[in-house]
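Participant: Starting from these lines, generate the structure:
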Amino acid sequence: VPLRSIHIKGNVKQNLVEFSMTQNYINFSDQNIETVFFFPTDVDCVMTKMEVEFTFEDGKKEFLETQIGEREKLVAKYEDYVS
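Facilitator: Below you'll find the model as predicted:
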């Protein structure tokens, strides 16, 4: 995996934690990189969103906000999309 670095920043307010994680990848090939994240589903935890910023070789940036939902439904939707 062409992962170059990881940076995690957190903010604690009473019993809530908000954190951001920055991962930097570099793609040395012409093939797309696909990354899949699985987060633990604890009854005391809620994930509200995930935002991704892509920076291309020419400096152009694109942003993506991911979908959060039940794994089985999202996997089926992804498999339909890929096929």
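Participant: how close does Arg4 sit to Met50?
Facilitator: Distance of Arg4 to Met50, given as CB to CB, to the nearest Å: 20 Å. All C-beta spots, glycine's among them, are computed from the backbone N, C-alpha and C.
Participant: between those two, who's got more neighbours?
Facilitator: Met50 (14 against 9; other CB atoms under 10 Å).
Participant: So that one sits against Phe63, correct?
Facilitator: No: here Met50 does not reach Phe63: they are 11.5 Å apart, not a contact under CB atoms under 8 Å.
Participant: how about stretch 44-53 as PDB, C-alpha atoms only?
Facilitator: Only the C-alpha atoms of stretch 44-53 are listed here, as PDB (Å, rounded to 0.1, in the frame of the first residue of the first chain):
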ATOM      1  CA  ASP A  44     -21.600   3.700  22.300                       C
ATOM      2  CA  CYS A  45     -20.000   5.100  19.100                       C
ATOM      3  CA  VAL A  46     -21.500   7.000  16.200                       C
ATOM      4  CA  MET A  47     -19.700   7.900  13.000                       C
ATOM      5  CA  THR A  48     -21.400  10.900  11.300                       C
ATOM      6  CA  LYS A  49     -19.400  11.500   8.200                       C
ATOM      7  CA  MET A  50     -16.100  11.000   6.400                       C
ATOM      8  CA  GLU A  51     -14.600  13.500   4.000                       C
ATOM      9  CA  VAL A  52     -11.800  12.800   1.600                       C
ATOM     10  CA  GLU A  53      -9.600  15.300  -0.200                       C
END
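Participant: what mean pLDDT does that stretch have?
Facilitator: Computed over stretch 44-53, the mean pLDDT rounds to 75.
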